[in-house]
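[1] Provided below for reference: sequence and predicted model.
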Amino acid sequence: MTAVLLLFPGALGTGLGLLLQPPVIAAIFIGVAIGIIFGAIPGFSATMTLILFTPVTIPFDPSVALVFLVSAYGGAVYAGSIPAILINTPGAPGSVVTCWDGYELTKSGRATYALAVSAVVSGLAGIIAAVALLATGPILADFALGFGPVELFLLAIFALTIIPAAKGQSLLKGLLGGTFGLLVATVGSDPQLAQPRAIFDQPLLRSGIDFVVVLIGLFVFAEMIFLAARGEILTTDTDRSDDRAQVFEGIRAVIARPVEFLRGTFIGIFIGSLPGAGADVANFVAYNEAKRWASNPAEFGKGAIEGIIAADSSNNATQGGALIPTLTVGIPGSGSTAALLSAFAIHGLNPGPGLFQRSGVLVYALIFSLFLGNILILVYGLSGAQYFGKISRIPIRYIIPTVIVLAIVGAFAVRNSYLDIFIMLLFGLVGIILVISDYPMVSVVIGVIVGGFAEEGFVQGWTINQGDAVQFLAASNISIILLILIVLSLVITAVRNRQSE
Amino acid sequence: MTTLSFRGHIFKINAKELIFPFLVLIFCGAYYVDTRGLPDRSVLYAEPILYTTVLFALAVIFDFGVQFNPNGTDQGESVSSMTGVTTDKWRSKNALYVILLTSAYLVGMRIQFTLATFLFLGGTLYTLGEQNRQVLILYSTVLTAIIYAVFVFWLRIPL
């Protein structure tokens, strides 16, 4: 901490000062609570929580609004494990693995114990991830300042090629989704001559398709249709003891397993920092690693506490990990951080190279809020274990119409246009098709998000290098490294795809 | 999976895998038609992306959507297997009803947002299985009031 303070004394101090203002502190407390409440609703992910609450934050000061959203993000990522443990239904894709051992413990009357373990590892992993973000974010953002237009273009392409590798899905489908996203991002006036491209006589489309609208369609509307198709989630009241002793037993269980906890946390930070690969990938990897190294692998899936520790530590560590590429190069590490990126844009914060120089105070305040938010997760998680069951049992039929109306109003609010609602619904239907056909949905989203700076980078680089492709691709050492990474990513994924066939 | 036979060759078509690439191709076609008259500099980046997208869409179609002579040249396969598409169906009609209700809501909200919201909330909740009339009215009224208060009254969104 001292070393970091020496490196960035002014912005860090002012960031802390900003955080100590009463409205900002209130934003953290309320944000984490709202994140937990909404995240604990089955099927209501952190991404959806952020997307739906972003319009509500518009009237507030950016510091209050963004601290609120970052806190809600932390709370919602953690809370996905609550319904996973209590009713065997993950609140978000990142909590799927938590079901395997968490629900087994609930069935044997040890839900409070499982919830306590989940709260402790989630809070602590989130704190470590926030420290990792604080330590690496400024360095990476500073390094990214050396990126010219070609490097930024290649970075965008690299982000798209790595998604199918990280998700373990088809390379071809990932690339199709990614290039489709890039193409969607070109709709509107071109940056050179301001000629309208593919606007189909819709003047509003001159300013392009807003990626917030695409996000709402893909992540919110499509999800609601799937929930409607799935119908009510049938839950049974299990024998749950609210014994306080189980809370302390849960704390002791985590303290006794530091290696399992740290392994899961670092896996979460690393995987979270890869573009497009979020908690849904991290917790599978962490769980498998925990099982591989365990002395009792046969117990996994039957209520092994090591399984919950691995799943939830990695799940929550992705919070800070996913913010590393989001803040430093403007490429979101997950669907949730893509939603955060849209909120940043709405509130005038432009992530990317040089962010810490431009908006250091606010960014440090956000990182500190993530740190404090995770302490609150510990407090809320341990003290509220017995009340979470009620949230997780809210019937889905009340959620679906509510969220659809909020999604429609949210899409309209982006530019006060009905056209955006239709675009949102169109992408909602595309989202349904993507899921049914097993496409990595995040490829499309990241394609749309990086499309702007990919085009800018390509056009500038191509012009500077006078249309010489070799000179363009070998513009610098960084661009050569990125090119090698792209080729490696493509080859490795293609080989893996072949092997899985 | 639909099986087609042509001059002794068998094609297995997976309709589920064809939907997205075909939609992409339609979009690409429309994009091409709309931008073909533009100066080269306007499509310097967009054009290569467009063609790459078309290539990937075609590759997905041939890799996942169509299998040519699957299992070798199994030409003796019974015509009875040509039974049409057997892709996964919705487990519930609810999803379709929700899409239809949403479409109706979009039309309705342009006429009268508050009334359309009230009807959509109640209608969807009823479709999804809520039968209690009091709950339906209470839920729709309270939520419509909250949405109106937050978005129209407080955030001044011109709905």
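    Received the coordinates, thanks.
[2] counting contacts, what elements does the longest helix along chain B pack onto?
    In chain B, assigned by DSSP state H, the helix with the most residues is helix B:15-35. Counting by 3 or more C-beta pairs under 8 Å, 6 or more residues apart in numbering or on different chains; DSSP states H and E, the packing neighbours recorded for helix B:15-35 are helix A:171-185, strand A:196-197, helix A:418-436, helix B:46-60. Quick note: C-beta positions are derived from backbone N, CA and C, even for glycine.
[3] CSV for those, including mean neighbour count and mean pLDDT?
    Output for the helices and strands packed on helix B:15-35, formatted as CSV (neighbours: other C-beta atoms under 10 Å in any protein chain shown; pLDDT from 0 to 100):
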stretch, mean neighbour count, mean pLDDT
helix A:171-185, 26, 94
strand A:196-197, 20, 92
helix A:418-436, 21, 93
helix B:46-60, 19, 95
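[4] In CSV: these, plus distance to A:Arg252.
    Listed next are those as CSV, based on distance: least, C-beta to C-beta, whole Å:
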stretch, distance to A:Arg252
helix A:171-185, 43
strand A:196-197, 61
helix A:418-436, 41
helix B:46-60, 52
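[5] Show me the one of those that comes nearest A:Ser108.
    Among those, the nearest to A:Ser108 by C-beta to C-beta is helix A:418-436 (33.7 Å).
[6] Identify the residues contacting the closest one?
    Applying C-beta atoms under 8 Å, 6 or more residues apart in numbering or on different chains, the contact partners of helix A:418-436 are A:177, A:202, A:204-205, A:209-210, A:213-214, A:216-223, A:225-226, A:407-408, A:411-412, A:414, A:441, A:444, B:16, B:19-20, B:23, B:88, B:99, B:102-103, B:106, B:110.
[7] Measure how far that helix is from the centre of its chain, please.
    On the basis of C-alpha atoms, centre = their mean, to the nearest Å, helix A:418-436 sits 20 Å off its chain's mean C-alpha point.
[8] With stretch A:82-97 instead?
    16 Å.
[9] in that stretch, what's buried?
    A:82-97 (16 or more other C-beta atoms under 10 Å in any protein chain shown).
[10] same question, stretch A:107-117
    In stretch A:107-117, counting by 16+ other C-beta under 10 Å, buried: A:110-117.
[11] Map the structural domains onto the sequence of chain B.
    The record's domain parsing of chain B by automatic domain parsing lists B:2-81, B:94-154.
[12] Pull the number of nearby residues for residue 98.
    Picked chain A for this. A:Thr98 has 30 neighbouring residues, counting by other C-beta atoms under 10 Å in any protein chain shown.
[13] Sorry, I should have been clearer: chain B.
    24.
[14] can you pull the contacts of it?
    Counting by C-beta under 8 Å, 6+ apart, B:Val98 has contacts A:224-225, A:228, A:400, A:404, B:124, B:127-128.
[15] now swap in A:Ser63 and tell me
    Counting by C-beta under 8 Å, 6+ apart, A:Ser63 has contacts A:18, A:21, A:24, A:362, A:365.
[16] mind running it again at 6 Å?
    Residues in contact with A:Ser63, defined by C-beta atoms under 6 Å, 6 or more residues apart in numbering or on different chains, are A:18, A:24, A:362.
[17] residues contacting the first one?
    The neighbours of A:Leu18, taking C-beta under 6 Å, 6+ apart as the test, are A:63, A:361, A:365.
[18] where's the residue nearest to it when sequence neighbours are not counted, which helix or strand?
    Excluding its sequence neighbours, the residue lying closest to A:Leu18 (C-beta to C-beta, 6 or more residues apart in numbering or on different chains) is A:Ala365, at 4.3 Å. In the assignment (DSSP states H and E), A:Ala365 maps to helix A:355-383.
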